[in-house]
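**Student:** Compute the structure for the input listed below.
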Amino acid sequence: MLLVEDNEINQIIAARLLKKAGAQVAIVSNGREATERLPLGLDGNPFDLVLLDVQMPEMDGYETALWIRADARFQTLPIIAFTAGITPEERLRCLDAGMNDHVGKPINLDELLATLQRWLPCQTQTAMPSIIATEPESPPLEWPEWPELPELPELPELPELPEWPEWPEWPEWPEWPGLDVTAGLQRVGGDSRLYRDLLARYVAGQADAPARIRIALAAGDRNTAERLVHTLKGVSGNIGAVAVQTLAADLEQALRQGAHLETLEAALIEIGATLNPLIAGLPAGLPDEPIATVPAAVDWVALTPVLQRLRSLLCDDDTEALDWFASHRGQLAGSLDDVRFQALAQAISAYDFAEALHCLTAFLDLEATGL
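**Tutor:** Purely as a prediction, here's the structure:
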């Protein structure tokens, strides 16, 4: 699948959920990038479906869908609109642009899977009934008696492998006003590590959202202001910041109705009064990520296949690299020096697989030379 989405938090959540559903996913950040990526396919195969955000910079979802449908190669390719809330007028505009269906934000896993199944039906049972009906009945086969097997010598006992400790339990989450942690965790399938990362990205990406909206409005650029509000609404819903999500939805509606600047400023003040305490409280309240204790001596025999598998996943731009890294994090942390481990962890977390591969390759090269 090709995921076309400009917001990093939405990219991460959608990619992880799609990966868990068994999909291979390529990610681009806007329509222009989609037009360049779509003809290339993924791992030598054409894309089966496009999940397309509607509101994006440079080239929005409507323009992108029209471009896709203008190419004879993609006239039957399913295109699913991916947007936070959709009015009947917007739904009609999506259909007119050539989109087939719609999935809402914040992401609902059941809705997402149901939509994918609707447009990617299973083909494994095709033609089986006709084969069974036309094949003549064969007589039962009589198998000769199997000779007695000779007794096998006892195998030597295998040496015991060192046991890596279980990943420790995640600490309890604190309560933040305006944040429904339970709902946020449900959005990411209960993945506490991923949820913590998304909260940190929310602080980094949305702390100045009201200021950026004000700048756009002061410049008379209501389209950009609406897109920024739309993003704030969507990512707030994804992490469970329901109060901010609701206020942003009200502001988005006011923008679409052409409200005066005084009305918009009042709404922004109300958003800031709710968003700012959350942004201020999140960094101090985020639980530290648990780190498993690892043996002092590194078992390179056990570690080598872990590193090779991680390298293979990074080479393939496979999002399974995040799960593989997370499940072997303690083992890797005890094997790499802190600087290289942190660089590798940050690159994988940011989906910068090229940089992660560079970090890992540099480490492997050093080990090979004994430096």
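**Student:** So if we follow the domain assignment, how does the chain break up?
**Tutor:** Domain assignment for the chain by automatic domain parsing gives 2-119, 181-285, 300-369.
**Student:** Could I get these in CSV, plus columns for distance to residue 173, mean neighbour count and mean pLDDT?
**Tutor:** (Each C-beta comes from the backbone N, C-alpha and C, glycine too.) As requested, those are exported to CSV (distance: least, CB to CB, whole Å; neighbours: other CB atoms under 10 Å; pLDDT from 0 to 100):
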stretch, distance to residue 173, mean neighbour count, mean pLDDT
domain 2-119, 18, 18, 87
domain 181-285, 5, 18, 90
domain 300-369, 18, 16, 78
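**Student:** Those domains: which one's closest to residue 172?
**Tutor:** domain 181-285 (9.8 Å; CB to CB).
**Student:** so how far is the closest one from its chain's centroid?
**Tutor:** Relative to its parent chain, domain 181-285 has a centroid offset of 20 Å by CA atoms, centre = their mean, to the nearest Å.
**Student:** which element follows the one helix or strand residue 226 maps to toward the C-terminus?
**Tutor:** Secondary structure assignment for residue 226, by DSSP states H and E: helix 222-239. Using DSSP H and E, the helix or strand that follows helix 222-239 in sequence is helix 242-256.
**Student:** all strands of the stretch 1-150 of the chain, in order?
**Tutor:** Along the stretch 1-150 of the chain, the stretches classed as strands by DSSP state E, counting those that start in this stretch are 2-4, 26-28, 50-53, 79-83, 101-104.
**Student:** Using PDB, list the CA coordinates for the third one.
**Tutor:** Once side chains and other backbone atoms are set aside, the C-alpha atoms of strand 50-53 remain, and they are given as PDB (Å, rounded to 0.1, in the frame of the first residue of the first chain):
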ATOM      1  CA  VAL A  50      -3.600   4.100  -1.900                       C
ATOM      2  CA  LEU A  51      -4.500   5.600   1.500                       C
ATOM      3  CA  LEU A  52      -4.700   9.300   0.700                       C
ATOM      4  CA  ASP A  53      -4.900  12.200   3.100                       C
END
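**Student:** what's it packed up against?
**Tutor:** Counting contacts by 3 or more CB pairs under 8 Å, 6 or more residues apart in numbering; DSSP states H and E, strand 50-53 packs against strand 2-4, helix 8-20, helix 61-70, strand 79-83.
**Student:** For residue 322, which of these is the nearest?
**Tutor:** The nearest among these, by CB to CB, is helix 8-20 at 7.1 Å.
**Student:** Of all the helix elements in this structure, which one is longest?
**Tutor:** Longest helix in the chain by number of residues, with DSSP state H as the criterion: helix 261-285.
**Student:** Show me where the stretch 51-200 of the chain has its helices.
**Tutor:** 61-70, 88-97, 109-119, 128-134, 181-187, 192-206 (DSSP state H, counting those that start in this stretch).
**Student:** which element is residue 359 on?
**Tutor:** With DSSP H and E as the test, residue 359 turns up in helix 353-369.
**Student:** So what touches that helix?
**Tutor:** 307, 310-311, 314-315, 317, 321, 336, 340, 343-344, 347-348 (CB atoms under 8 Å, 6 or more residues apart in numbering).
**Student:** Tell me which residues touch residue 202, please.
**Tutor:** Per CB under 8 Å, 6+ apart, neighbours of residue 202: 9, 235, 236, 239, 241, 282.
**Student:** show me what contacts the last one?
**Tutor:** What that stands for is residue 282. 176, 179, 199, 200, 202, 203.
**Student:** just the second one next, same as before
**Tutor:** With contacts defined as CB under 8 Å, 6+ apart, residue 235 is in contact with 7, 9, 10, 202, 205, 206.
**Student:** Tell me the spacing between the residue lying closest to residue 199 once chain neighbours are set aside and residue 198.
**Tutor:** Nearest non-adjacent residue to residue 199, counting by CB to CB, 6 or more residues apart in numbering: residue 282, 5.6 Å away. For residue 282, the distance to residue 198 (CB to CB, to the nearest Å) stands at 11 Å.
**Student:** Residue 14 reaches residue 82, doesn't it?
**Tutor:** Yes: Residue 14 lies in contact with residue 82 (CB atoms under 8 Å); the separation is 7.5 Å.
**Student:** Now list whatever residues contact both of these two.
**Tutor:** In contact with both residue 14 and residue 82: 3, 5, 51, using CB under 8 Å, 6+ apart.
**Student:** Dump the C-alpha coordinates for the helix or strand where residue 343 lies into CSV.
**Tutor:** Per DSSP H and E, residue 343 falls inside helix 338-349. Only the C-alpha atoms of helix 338-349 are listed here, as CSV (Å, rounded to 0.1, in the frame of the first residue of the first chain):
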residue,chain,number,x,y,z
ASP,A,338,25.6,4.3,24.0
VAL,A,339,26.3,6.9,21.2
ARG,A,340,25.7,4.4,18.4
PHE,A,341,22.7,2.8,20.1
GLN,A,342,21.0,6.1,20.6
ALA,A,343,21.6,7.2,17.0
LEU,A,344,20.3,3.9,15.8
ALA,A,345,17.2,4.1,18.1
GLN,A,346,16.4,7.6,17.0
ALA,A,347,16.7,6.9,13.3
ILE,A,348,14.5,3.8,13.5
SER,A,349,11.9,5.6,15.6
